[in-house]
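Student: what's the 3D shape of this:
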Amino acid sequence: MELQHSPDLSAKYGATVQDQEDLARRFTYHQPKDDQPERYNRLRATGRTIALMFLENCPPSRERSLALTKLEESIMWANAAIARNE
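Tutor: Purely as a prediction, here's the structure:
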């Protein structure tokens with residue numbers, strides 16, 4: 001399904017060149033380069049260590065689930081920072 005561009009909305013709200021470049025960076029595959037794969041792995045390994053600490057020290061609960069989810073999100077965003085900005 002192809003999305004239709006609405007000229008009325010872009011004219012009304014104005015997507016700047018910087019907005020368009022930012023969207024291109026967000027919605028483009030970023031092939032890992034140089035030492036990025038190792039850094040991704042270090043971040044994930046550290047996240048896994050912290051996640052295990054949560055499981056071992058926090059009772060099963062909504063709060064523990066949220067802590068795990070937020071940790072997962074943090075690692076994802078840290079990896080995205082590397083991929084999108086280098």
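Student: all helices of the chain, in order?
Tutor: Secondary structure of the chain by DSSP state H: the helices cover 7-13, 17-26, 36-57, 62-85.
Student: Could you export these to TSV, including columns for mean neighbour count and mean pLDDT?
Tutor: (Each C-beta comes from the backbone N, C-alpha and C, glycine too.) Below are the helices of the chain laid out as TSV (neighbours: other C-beta atoms under 10 Å; pLDDT from 0 to 100):
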stretch	mean neighbour count	mean pLDDT
helix 7-13	9	62
helix 17-26	10	89
helix 36-57	13	98
helix 62-85	13	97
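Student: who touches the closest residue to Glu86 other than its chain neighbours in this structure?
Tutor: Leaving aside its sequence neighbours, Glu86 sits nearest to Gln36 (C-beta to C-beta, 6 or more residues apart in numbering; 7.0 Å). Shown in contact with Gln36 (C-beta atoms under 8 Å, 6 or more residues apart in numbering): Ile82, Ala83, Glu86.
Student: Please apply the same query to Gly47.
Tutor: Leu71, Glu72, Ser74, Ile75.
Student: Generate JSON lines for the residues you listed, with distance to Leu55 as supplementary columns.
Tutor: Formatted as JSON lines, those follow (distance: C-beta to C-beta, whole Å):
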{"residue": "Leu71", "distance to Leu55": "11"}
{"residue": "Glu72", "distance to Leu55": "13"}
{"residue": "Ser74", "distance to Leu55": "17"}
{"residue": "Ile75", "distance to Leu55": "16"}
